[in-house]
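>>> show me the folded form of this:
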Amino acid sequence: MRAAELPAGTEGKTAWAKTHSSVRMPESGPKWRYGLATNVIKELIDAGIHFGHRVSRWNPKMEPYILTKRASIHIIDPKETLKGILTAKKFIAQVTSQGKDVLFVGTKRQARRAVQTLASEAGMHYVTDRWLGGMLTNFLTIRSRLGRLEKLEQLDADGLLAQQSKKEEARLRREMRKIKRNLGGVRNMSKLPGALFVVDAHREVIALREARKIGITTIALIDTDSDPDLVDI
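Prediction:
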């Protein structure tokens, strides 16, 4: 939820949380009696991950994941969030154990750096600038563009770009920068990924639809205004 959507008179989620700290922790029981689960849920709440959108903007399909509402804001059930995290963790471990990769997508400004950093640390692929239509469904074309990037980089390394006219050199360098910006995070992705992880299901709906079309399992962070039917986990 964007800061502009918070109730008037507050300064971000932290300030809002201070005045709405009545979000209930999960009740004790066989499934949630372990301290680790309780601590993780507390961390999720402290991070403000339970704040949804305004009630007026909700998608009714998200009802099973909503705990309550406060000041016209939906509160996401942290138990459901934890269930999703554990399911995603298990599935990603299974996918990577089979030698398959995960493609991470986060093109919203707030997520770009984190997505690029964490995906790189895990040795996985990422898209943080914008999703190009056909990135999954027309994968061979994407690979051909990356082949073009490699060719331009080799020309540059050999000093051949500098031998072109200034206008032509500038054009080729612009082309090289554009391909890097759009596809740099997937340049080592030689085959389709085993899973797609999306930071914002509402924003990355095209990516989710492409993955679903060709049978790639999707994992996503979903807000209360999104359609959970587009996501597997």
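>>> not counting its neighbours along the chain, what's nearest the spatially most central residue of the chain?
In the chain, the centroid-proximal residue (Cα atoms, centre = their mean) is V199; its distance is 2.1 Å. Nearest non-adjacent residue to V199, counting by Cβ to Cβ, 6 or more residues apart in numbering: G106, 3.6 Å away. From N, CA and C alone the C-beta is placed, and that goes for glycine too.
>>> ok now do the one you found, which residues does it touch?
Counting by Cβ atoms under 8 Å, 6 or more residues apart in numbering, G106 touches R112, A114, V115, Y126, V127, T128, V198, V199, D200, E204.
>>> do that again at 7 Å, thanks
Residues near G106 by Cβ atoms under 7 Å, 6 or more residues apart in numbering: R112, V115, T128, V199.
>>> how close does the residue nearest to the centre of the chain get to N188?
21 Å (Cβ to Cβ, to the nearest Å).
>>> on that earlier part again, please flag which of the contacts of G106 sit within helices.
Of those, the ones assigned to helices by DSSP state H are R112, V115.
>>> of the contacts of G106, which is the nearest to I73?
I73 lies nearest to V199 out of the contacts of G106, by Cβ to Cβ, at 20.5 Å.
>>> M124 against T96, yeah?
No - contact between M124 and T96 fails when scored by Cβ atoms under 7 Å: they sit 8.6 Å apart.
>>> comparing these two, which shows the higher neighbour count?
Shown here are M124 and T96; by other Cβ atoms under 10 Å, M124 has more neighbours (21 against 16).
>>> leaving out the residues flanking it, which one is nearest to that one?
Distance criterion Cβ to Cβ, 6+ apart; nearest residue to M124, sequence neighbours excluded, is V102 at 5.0 Å.
>>> so what sits opposite the one you found in the bridge?
When bridges are called by DSSP bridges, V102 pairs up with A195.
>>> R203: neighbouring residues, count only.
18.
>>> can you pull the contacts of it?
T107, K108 are the contacts of R203 under Cβ under 7 Å, 6+ apart.
>>> now do the SS call for it.
Secondary structure, DSSP: H, G, I helix; E, B strand; the rest coil: R203 is coil.
>>> do you know how far it is from G185?
From R203 over to G185 the distance is 17 Å, taken as Cβ to Cβ.
>>> ok, E168 next?
Distance, E168 to G185, using Cβ to Cβ: 28 Å.
>>> between the two, which one's more packed in?
Higher neighbour count among E168 and G185: G185, with 22 against 11, using other Cβ under 10 Å.
>>> which one is the more buried one nearest to, not counting chain neighbours?
For G185, ignoring the flanking residues on the chain, the nearest one in space by Cβ to Cβ, 6+ apart is Y126 at 3.9 Å.
>>> partner residues bridging that neighbour?
F104.
>>> mind listing what's buried in stretch 131-145?
W131, L132, M135, L136, F139, I142, R143 (16 or more other Cβ atoms under 10 Å).
>>> who's in contact with T141?
Contacts of T141 by Cβ under 7 Å, 6+ apart are G134.
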